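Peer 1: predicted model, plus sequence, below.
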Amino acid sequence: MGRRDRTGRLGPVDGKRRWYALAGALAGLLTAVLGAPAASAAPPDLDVDRATAALAGDPLYLAPRSIARMDKDQVRRELAGTRIVVVVEPFIPGEPDRHDHDGRVKRPLAKWSDANGRPVVLVTGLLVSMPSIDRAFTPEPADYRDALERYDVTQPVLQAIRYLRDGSAPHEPWRPRVVPPDPHELARIVAGLRTSRMYVELGQVGVRMQTIDRQLGDGPTYRVVRLRALIGDEEPDLLPGLAAAFPGELIIVLRGRWLTATGLPPGHIASGQAALYRFGPEHLMAYGRDTSVIVYTFLDRIKALKKTPLPYSGPNGIDADGIAARLAPWMFAAVALLLGGGALLFWTRRMARGRREAADAVESGGAEMLARLARLGGDLQDLDPGDDLHAARRLADAAERYATARDLHDRADTPEEVEAVLATLVEGEAYADDVRRRRGLPVRGDAR
């Protein structure tokens with residue numbers, strides 16, 4: 001069991017190992033492209049014997065060089081009266097040892113759990129799992145922020161404890177309280193960016209911009225702000241000040257391992273963020289990929305969007321019908337080519353009929369996909385959650401659904417894939433409608 005459903009409950013984990021393999025393959029490829037950190041910088045594996053010995057006296061064990069933070073008092077209160085233990089380990093080491101991590105850590109912990117009757121909650125880097133029952137909490141992309149920006153895993157650890165204790169898994173996502181930045185800090189960052197393309201906070205390690213530039217080729221121009229992980233619930237909002245200081249420029253802010261940016265439409269930023277977790281959260285939260293890879297992956301998506309731009313037409317709204325009409329000839333040409341290729345293969349009459357029906361379904365769904373993408377993109381561009389944290393979360397959820405649908409749309413060539421795109425867009429539209437309700441705006445759901 002791994003992926004939560006929309007209510008926050010756990011769901012089945014069919015195919016999870018396939019995603020692990022894809023994430024590992026992508027991570028290996030990007031490391032080869034950008035270069036791996038020095039071997040001496042790789043954190044060691046968890047010392048299972050040392051951890052289990054320590055658990056005899058304390059149900060919460062934090063291994064050396066682990067980075068995850070949590071409210072230890074709250075976790076210990078939740079553990080009281082149970083036999084559950086929590087183990088926190090560093091990120092999984094890099095190649096070539098990564099693929100055997102389960103054999104060196106998870107399976108020994110599961111065996112110890114069975115022998116001692118003590119369920120285990122394991123935090124690997126920033127990702128929470130339960131090896132004693134071979135289950136994990138796989139967060140929604142909108143919920144990555146707590147772990148990646150603050151390195152805080154309190155909520156998923158509490159979820160896992162409650163699930164092991166009584167089968168409940170209430171979902172309590174964290175969202176920061178956005179506050180104006182310290183003017184002196186903002187001025188310091190702006191001054192640094194005027195003399196260099198990258199500002200690195202004291203104690204942090206910058207990204208390898210020359211390597212990123214070389215691999216991107218004709219990618220977008222950009223500047224980077226590298227900050228430490230957030231401490232506490234307040235997030236200074238640097239983006240408006242950076243946008244004012246560098247109008248029209250792409251500024252990437254990497255706080256901890258959470259990336260955001262200014263100088264792009266919201267849909268572009270959401271799509272770039274979606275590229276970071278398209279193969280699942282392990283890539284960012286368990287493997288501890290180099291921050292240069294994070295920035296490169298984001299920029300690579302932005303570069304791709306220049307070739308196939310998102311359906312935006314400016315701040316005054318979007319002509320969805322015009323977009324669909326403009327692209328209709330290409331859509332019909334693609335369908336004609338598909339049908340022509342099928343005839344050349346001398347398929348049976350039944351298969352040819354099925355293919356024509358499938359093509360018709362793709363054709364009819366194509367215009368609807370484009371129109372819905374345009375409408376949802378317009379919502380993301382026009383809606384403002386103000387100070388309403390619930391509305392802000394719903395708008396972030398809508399942006400994630402938009403980015404996912406945009407990715408799926410690019411390769412949707414079967415009726416099933418078209419349905420998946422439309423279903424994702426319906427979810428995004430529902431989130432946008434929720435924002436409209438909370439902001440006192442007309443809800444467009446009935447007109448869709």
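Peer 2: That came through, no problem.

Peer 1: domains for the protein, by residue range?
Peer 2: Listed by automatic domain parsing, the domain ranges of the chain are 16-166, 177-272+298-307, 320-447.

Peer 1: how about those domains in a markdown table, adding distance to H283?
Peer 2: Yep, even glycine has a C-beta here, placed from its N, CA and C like the rest. Formatted as a markdown table, these follow (distance: least, Cβ to Cβ, whole Å):
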| stretch | distance to H283 |
| --- | --- |
| domain 16-166 | 5 |
| domain 177-272+298-307 | 11 |
| domain 320-447 | 15 |
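
Peer 1: buried residues in the helix or strand harbouring Y402, which are they?
Peer 2: Assigned by DSSP states H and E, Y402 belongs to helix 389-410. Neighbour-count burial for helix 389-410, counted by 16 or more other Cβ atoms under 10 Å, picks out 391-409.

Peer 1: do stretch 155-166 as well
Peer 2: The neighbour-count check on stretch 155-166 (16+ other Cβ under 10 Å) flags Q155, P156, V157, L158, Q159, A160, I161, R162, Y163, L164 as buried.

Peer 1: same thing with stretch 245-264?
Peer 2: Residues of stretch 245-264 classed as buried under the neighbour-count rule (16+ other Cβ under 10 Å) are 245-246, 250-264.

Peer 1: ends of that stretch, how far apart?
Peer 2: Terminal residues of stretch 245-264 lie 15 Å apart, using Cα to Cα, to the nearest Å.

Peer 1: swap in stretch 380-399?
Peer 2: The first residue of stretch 380-399 is 7 Å away from its last residue (Cα to Cα).

Peer 1: I'd like the average pLDDT over it.
Peer 2: Taken as a whole, stretch 380-399 has a mean pLDDT of 78.

Peer 1: show me where the stretch 51-200 of the chain dips below the pLDDT cut-off.
Peer 2: For the stretch 51-200 of the chain, the stretches flagged by pLDDT under 70 are 94-99, 137-143, 170-173.

Peer 1: all helices for it, in order.
Peer 2: Secondary structure of the stretch 51-200 of the chain (DSSP state H, counting those that start in this stretch): helices at 72-79, 101, 107-116, 145-150, 154-166, 183-195.

Peer 1: among those, which is nearest V123?
Peer 2: Distance to V123, taken as Cβ to Cβ, is lowest for helix 154-166 among those, at 6.6 Å.

Peer 1: of all the helices of the stretch 51-200 of the chain, which one is nearest R375?
Peer 2: Among these, if distance is taken as Cβ to Cβ, the winner is helix 145-150, at 26.1 Å.

Peer 1: got the CA coordinates for stretch 73-85 in PDB?
Peer 2: Output in PDB follows, covering the C-alpha atoms of stretch 73-85 (Å, rounded to 0.1, in the frame of the first residue of the first chain):
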ATOM      1  CA  ASP A  73       7.900  15.600  22.000                       C
ATOM      2  CA  GLN A  74       4.700  15.300  19.900                       C
ATOM      3  CA  VAL A  75       6.000  12.100  18.300                       C
ATOM      4  CA  ARG A  76       7.000  10.600  21.700                       C
ATOM      5  CA  ARG A  77       3.500  11.400  23.100                       C
ATOM      6  CA  GLU A  78       2.000   9.600  20.100                       C
ATOM      7  CA  LEU A  79       4.300   6.600  20.700                       C
ATOM      8  CA  ALA A  80       3.400   6.300  24.400                       C
ATOM      9  CA  GLY A  81       1.600   3.100  25.200                       C
ATOM     10  CA  THR A  82       2.500   1.400  21.900                       C
ATOM     11  CA  ARG A  83       5.400  -0.800  20.800                       C
ATOM     12  CA  ILE A  84       5.900   1.300  17.700                       C
ATOM     13  CA  VAL A  85       9.400   2.700  17.100                       C
END
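
Peer 1: which positions within it qualify as buried?
Peer 2: Neighbour counts over stretch 73-85 (16+ other Cβ under 10 Å) mark V75, E78, L79, I84, V85 as buried.

Peer 1: next one: it to chain centre, how far?
Peer 2: Centroid separation between stretch 73-85 and its chain, computed with Cα atoms, centre = their mean, to the nearest Å, is 30 Å.
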